[in-house]
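K.L.:
how would this look folded up:
(4 chains)
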There are 2 protein chains.
Amino acid sequence: MRTLNERPDVIPLVAEVFREFGYEGTSLSRITERTGMGKGSLYHFFPGGKEEMANAVLEDVGAWFERHVFEPLRSEPPGAAIARMWDAVDSYFRSGGRICLVGAFALDGTRDRFADRISGYFIQWIAALRDALIRQGWSPAAAGESAEDVVLGIQGALVLARATADDGLFARTIVRLKSRLRPDEGH
Amino acid sequence: MRTLNERPDVIPLVAEVFREFGYEGTSLSRITERTGMGKGSLYHFFPGGKEEMANAVLEDVGAWFERHVFEPLRSEPPGAAIARMWDAVDSYFRSGGRICLVGAFALDGTRDRFADRISGYFIQWIAALRDALIRQGWSPAAAGESAEDVVLGIQGALVLARATADDGLFARTIVRLKSRLRPDEGH
DNA sequence: CGCTCATTGTACCGATAGGTACACGATAGA
DNA sequence: TCTATCGTGTACCTATCGGTACAATGAGCG
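P.N.:
Got it, this is the predicted structure:
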């Protein structure tokens, strides 16, 4: 046919396949049917095959969070940046209807293959949030602990929401986590 | 050879394989090499093949938690039962060095195959903990919220601990979660 | 128009997937 | 000791895996 597809267009489609089936559960044929691209095109854009596709997907996810979450946390006024983070998280994960690819990859043997990208994602997130909290007047220790607490809470909520198919769980959890970041107790 | 192996002996070995590689990433040959059992024996004990093995493993995990965590939470004095839960959790997950099979299965397409067992595990855990908190004098609402918060925090900690290869994260998180269950704020 | 080159479908590759068939050997009960 | 059964190793099955080769196609451009 013709050149309707570009590499960046395909990545979100491929991402969704990995999200649904995990790295090992994602077969080239599944990607083919979901993207409408044959192996020829797929290997043209991703000469490294499945591994390169997953890498591109992880990079794409990382870039999205860098842009919409981490960077604002580091440079915008902390209150506004944190509010923005909650909005981004809620919409990105579709209120718990969508899981975190990075978290899912972290849990099985896939982790070792993409260790740097996976750990980088979480470390950056925690560091950026911690930074914002410190700029909001928190002590470094309390900020670090709470940042970890929040990021981990989001991941846990995604696991539980999908495990129990409880529609409200994610939103409930976000409310609770939000309130923990509000300055009422002494940090 | 002879009948050294019994079904119950093999299940923990198989469980470890699923834990490392996920459902899709676990191949019969990997199970064979890890357990030392050939396909003949494997299919003798698990005629349903891989799916039956995973089911048996999930049942085994569920039974362990029922015995060491859920049942105590329901019937023992709440303070002691909760203390026991923390010990059980820390040793079972090897301070974060071991992931939660149920949580891992929940995140990808594997969930649908074992939906009842997976959701049952978490629902029972939360309900049992909630029950213990109520018997400790918490309001039902606060108890439900905190039970969810704790179980989800454990899952999140397992994800992050493995993602970032941070040895101390799990223990740190447990300390924090523990303190949230101690009666100081008004519930 | 004709050249070039990115893009694509198709056929094919060896390896391995999950699963089945079956016959051999040990065992235990009679 | 004879025999029915349990446990096991091995050979084999088809389907699919991830990946490669390559020829046809088409757009862009001089």
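
K.L.:
surely A:V57 meets A:V14?
P.N.:
Yes. Using CB atoms under 8 Å, A:V57 makes contact with A:V14 at a distance of 5.7 Å. Glycine gets a C-beta too; all of them are placed from N, C-alpha and C.

K.L.:
Looking at the two, which one has more neighbours?
P.N.:
More crowded of A:V57 and A:V14, by other CB atoms under 10 Å in any protein chain shown: A:V57, with 27 against 24.

K.L.:
Report the closest residue of chain A relative to DNA strand C.
P.N.:
With CB to the nearest atom of the strand as the measure, A:G40 is the residue of chain A nearest to DNA strand C, at 2.2 Å.

K.L.:
Please, which helix or strand holds that residue?
P.N.:
Counting by DSSP states H and E, the element that carries A:G40 is helix A:39-45.

K.L.:
Which elements pack onto that helix?
P.N.:
Packing partners of helix A:39-45 (3 or more CB pairs under 8 Å, 6 or more residues apart in numbering or on different chains; DSSP states H and E): helix A:28-35.

K.L.:
which residues sit against the helix it packs on?
P.N.:
A:5, A:10, A:13-14, A:16-17, A:21, A:37-39, A:42, A:49-50, A:53 (CB atoms under 8 Å, 6 or more residues apart in numbering or on different chains).

K.L.:
The residue in chain A that DNA strand D sits nearest to: neighbouring residues, count only.
P.N.:
Using CB to the nearest atom of the strand, the closest approach of chain A to DNA strand D is made by A:G49 at 2.4 Å. When neighbours are counted by other CB under 10 Å, A:G49 registers 12.

K.L.:
Quick check: it touching A:Y43?
P.N.:
Yes. Between A:G49 and A:Y43 there is a contact at 6.7 Å, judged by CB under 8 Å.

K.L.:
OK, contacts around the residue nearest the centre of chain A?
P.N.:
Centroid-nearest residue in chain A, with CA atoms, centre = their mean: A:C100, separated by 5.0 Å. By CB under 8 Å, 6+ apart, A:C100 lies in contact with A:F93, A:I154, A:Q155, A:L158.

K.L.:
Filtering those residues by proximity to chain B, which remain?
P.N.:
When contact is defined as CB under 8 Å from any CB of the partner chain, those meet chain B at A:I154, A:Q155, A:L158.

K.L.:
Could you export those to a markdown table, including columns for neighbour count, distance to B:V89 and pLDDT?
P.N.:
Below are the ones next to chain B among the contacts of A:C100 laid out as a markdown table (neighbours: other CB atoms under 10 Å in any protein chain shown; distance: CB to CB, whole Å; pLDDT from 0 to 100):
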| residue | neighbour count | distance to B:V89 | pLDDT |
| --- | --- | --- | --- |
| A:I154 | 26 | 20 | 98 |
| A:Q155 | 27 | 17 | 98 |
| A:L158 | 28 | 20 | 98 |
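
K.L.:
From B:R84, how far off is the residue of chain A closest to DNA strand D?
P.N.:
From A:G49 across to B:R84, the span is 49 Å (CB to CB, to the nearest Å).

K.L.:
Show me what counts as buried in whichever helix or strand A:D87 is part of.
P.N.:
Using DSSP H and E, A:D87 maps to helix A:78-92. By neighbour count with 16 or more other CB atoms under 10 Å in any protein chain shown, helix A:78-92 contains the buried residues A:P78, A:A81, A:I82, A:M85, A:W86, A:A88, A:V89.

K.L.:
surely the fifth one meets A:S179?
P.N.:
Meaning A:W86. No. Using CB under 8 Å, A:W86 is not in contact with A:S179, being 11.2 Å away.

K.L.:
hmm, back to that, quick one: name whatever helix or strand follows the helix holding A:D87.
P.N.:
Helices and strands here follow DSSP H and E; after helix A:78-92, the next one along the chain is helix A:101-107.

K.L.:
That next one close to chain B?
P.N.:
Yes. Residues of helix A:101-107 contacting chain B under CB under 8 Å from any CB: A:V102, A:G103, A:A104, A:A106, A:L107.

K.L.:
Not counting that helix itself, show me its contacts.
P.N.:
A:15, A:18-19, A:22-23, A:54, A:57-58, A:61-62, A:111, A:114, A:117-118, A:121-122, A:155, A:158-159, B:22, B:99, B:103-104, B:107-108, B:158-160, B:162-163.

K.L.:
Who are the contact partners of A:E51?
P.N.:
A:R113.

K.L.:
whoops, A:S95 was the one
P.N.:
Per CB under 8 Å, 6+ apart, neighbours of A:S95: A:D167, A:F170, A:A171.

K.L.:
Take these and keep only those in helices.
P.N.:
Counting by DSSP state H, these place A:F170, A:A171 in helices.

K.L.:
Touching, A:I154 and A:R176? I think so.
P.N.:
No. A:I154 is not in contact with A:R176 according to CB under 8 Å; the separation is 11.1 Å.

K.L.:
Thanks a lot, see you next time.
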